[in-house]
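Chemist: kindly return the folded structure for what I paste below:
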Amino acid sequence: RDFNVLITGRAMTGLAVGLGLCVYPVYVAELAPVNLRGKAGSYSELFWSWGMVFAFTVSFICMEHQMSWRFMIGINAVPGLVLALGVTQLPESPYTHIAKGRFILAAKVLRECSIDESNLPTYSSKDKAEYKDKAYNDEDRSLLGAAHMPTEDPISRHSKRIDEAVQERLHEIEFTVLQSRDVKWADVFAQKNLGRLLISCGLATAQQITGIIFIEYYCTTILYRDGLASLKGSMLWTIGLGVMKLAMVYLLGAVVDTMGRRPPLLISGAGVLLSNFGLGLSVINPNMTKSLERFLVLFWAYAFVASYSFGYGPISNIVSSEIYPVKVRARALGIGAVAGQAFAFSVAMSFMSLTEALGLASTFFLFSGVSAVCCIFCYRYVPETKGRSIEEVSVLFDQMGKKSRSDITVDDPPSSKPPNPTHVPM
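Modeler: Numbers count the residues shown, from 1 in each chain. This is a model prediction of the structure:
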């Protein structure tokens, strides 16, 4: 009976995690302003990394206590409760508001959360000071004349520009929602979406099949089994890997909206390839001293985590959330998530069998070869989506018959504009 309860609980947890993997990128893509969408999209990997560090640390603390696994599973209820309470405070997506005819609520959410003010002309402190200094009275007005009088203060002018930007986004979203009625599964597999689906599933696969499972599931086991560290030492090194992962995701979040998506992804791919090859070389020589082998294995393991966390981990989710039109985004991201988790399950279940059949060195060389294929895939097919609204990215994909996806840049203007929208009073 207890075993059935455990399996039921784990199944419910898996369903919840799977739902989050699908919903989070959709929500971020629809709500975050263009200039912060990459950073916001990296938060899922960031908090995943926090979870890893937390889990490794709790495992280390509880490793010598009998039945400690019950505590390690039960304590997950704490972040789960925090998440459940936090979600109740989140605003609804403006796309959902508009789909239900709530234009005023959509405008409010856009104004508060989704407008990129970095592209709007702003007022400076000098503008404000000059306006305050010009406290004209009636005599001043008659002497100077109306032409020399300020007609609008800088703060009001800036607010008006924000209102105009909100109206423009409402315009785009309304047009997109009108095109997204009556979605069917056949629309996901329509010819114009197959390229997007290939990119999304390819990135989700690259996340899992290049060797991250070794770090997250088996690093402690390998270090301890091969005599490279004690059990406590192995767990401490694994905690350090989690901290490295966390630091690199932070770094990626800080630069992804200025650096773009493709450069970190390609740097990550090259680093993962090199790290897998280095890990293979580190364990191929049986005559190597344990101290040297431990140093090399840990060096390349940390290099792998740093490389992976700077690209494959967060960028895959960010790009996948940006390339789909609203009409099919939720369902298509669900397919990508299923593909990624299917490969994660396959690698997790087969890793130890592979090491027994091929040897540890050959397994890492195999991962290195797979990483090379993933690098080529990313270079050839993954587009640059930095600085574009979801609607602009969708237009570009629809026009890409004459050029490679990797040729898309933020300088290519979209060629279509939606018709006049419903005007919403601000």
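Chemist: mind checking the longest helix of the protein?
Modeler: Ranked by residue count under DSSP state H, the longest helix found in the chain is helix 326-358.
Chemist: would you mark the buried spots in the host helix or strand of W50?
Modeler: Under the criterion of DSSP states H and E, W50 resides in helix 37-62. If you call a residue buried by 16 or more other CB atoms under 10 Å, then helix 37-62 has these buried ones: 37-49, 52-57, 59-60, 62. Yep, even glycine has a C-beta here, placed from its N, CA and C like the rest.
Chemist: check contacts around A40.
Modeler: Neighbouring residues of A40 by CB atoms under 8 Å, 6 or more residues apart in numbering: 28, 32.
Chemist: quick check: pLDDT value at it.
Modeler: A40 is assigned 77 on the pLDDT scale.
Chemist: from R331, how far out is it?
Modeler: Distance from A40 to R331, counting by CB to CB, to the nearest Å: 22 Å.
Chemist: show me where the stretch 51-200 of the chain has helices.
Modeler: In the stretch 51-200 of the chain, the helices defined using DSSP state H, counting those that start in this stretch lie at 68-74, 77-87, 94-99, 103-109, 125-133, 138-144, 154-178, 185-188, 191-209.
Chemist: the third one packs against which elements?
Modeler: Pointing back at helix 94-99 there. Packing partners of helix 94-99 (3 or more CB pairs under 8 Å, 6 or more residues apart in numbering; DSSP states H and E): helix 2-31, helix 103-109, helix 154-178.
Chemist: how far off centre is it?
Modeler: Here the centre of helix 94-99 is set off from its chain's centre by 22 Å, with CA atoms, centre = their mean, to the nearest Å.
Chemist: do the same with the last one
Modeler: Between the centre of helix 191-209 and the centre of its host chain there is 15 Å, according to CA atoms, centre = their mean.
Chemist: could you pull out the buried residues of that helix?
Modeler: Across helix 191-209, burial judged by 16+ other CB under 10 Å covers 193, 195-197, 199-209.
Chemist: what's the closest of those residues to Y308?
Modeler: Using CB to CB, Q207 comes nearest to Y308 of the buried residues of helix 191-209, at 8.4 Å.
Chemist: identify the residues contacting A16.
Modeler: The neighbourhood of A16, defined by CB under 8 Å, 6+ apart, consists of G80.
Chemist: one more: S42?
Modeler: By CB under 8 Å, 6+ apart, the contact list for S42 reads 249, 252-253, 256, 314, 317-318.
Chemist: please repeat the previous calculation with a cut-off of 7 Å.
Modeler: 249, 252-253, 256, 314, 318 (CB atoms under 7 Å, 6 or more residues apart in numbering).
Chemist: cool, and S49?
Modeler: Applying CB under 7 Å, 6+ apart, one finds that S49 lies in contact with 242, 245-246, 249.
Chemist: can you do 8 Å?
Modeler: 242, 245-246, 249, 309.
Chemist: most tightly packed of the helices and strands packed on helix 94-99?
Modeler: Neighbour counts (mean count of other CB atoms under 10 Å) averaged over each of the helices and strands packed on helix 94-99 peak at helix 103-109, with a mean of 19.
Chemist: which helices and strands sit right next to that one?
Modeler: If contacts are counted by 3+ CB pairs under 8 Å, 6+ apart, helix 103-109 sits against helix 94-99, helix 154-178.
Chemist: quick one: mean pLDDT for that helix?
Modeler: 81.
Chemist: same check on stretch 297-310?
Modeler: Across stretch 297-310, the average pLDDT comes to 90.
Chemist: what comes up buried for it?
Modeler: By neighbour count on 16+ other CB under 10 Å, the buried set for stretch 297-310 is 297-298, 300-310.
Chemist: my read: I213 touches M352, true?
Modeler: No - counting by CB atoms under 8 Å, I213 does not reach M352; the two are 10.5 Å apart.
Chemist: between these two, who's got more neighbours?
Modeler: With other CB atoms under 10 Å as the criterion, I213 and M352 differ in neighbour count, and I213 comes out ahead with 21 against 15.
Chemist: show the pLDDT at the nearest residue to the more buried one once chain neighbours are set aside.
Modeler: Nearest residue to I213, sequence neighbours excluded (CB to CB, 6 or more residues apart in numbering): V347, at 4.5 Å. pLDDT for V347: 80.
Chemist: could you report the distance from V347 to P264?
Modeler: For V347 relative to P264 (CB to CB), the value is 23 Å.
Chemist: what's the answer for G101, then?
Modeler: With distances taken as CB to CB, G101 is found 40 Å from P264.
Chemist: those two: which is more packed in?
Modeler: In this view G101 and P264 are compared by other CB under 10 Å, and P264 has more residues nearby, 24 against 10.
Chemist: now the more buried one. Nearest residue, chain neighbours left out?
Modeler: Spatial nearest neighbour of P264, chain neighbours left out: G311 (4.6 Å); criterion: CB to CB, 6+ apart.
Chemist: and that neighbour, what does it touch?
Modeler: G311 is in contact with 252, 264-269, 271, counting by CB under 8 Å, 6+ apart.
Chemist: got those residues as JSON lines, with secondary structure columns?
Modeler: Supplementary listing: these in JSON lines, determined by DSSP: H, G, I helix; E, B strand; the rest coil:
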{"residue": "L252", "secondary structure": "helix"}
{"residue": "P264", "secondary structure": "helix"}
{"residue": "L265", "secondary structure": "helix"}
{"residue": "L266", "secondary structure": "helix"}
{"residue": "I267", "secondary structure": "helix"}
{"residue": "S268", "secondary structure": "helix"}
{"residue": "G269", "secondary structure": "helix"}
{"residue": "G271", "secondary structure": "helix"}
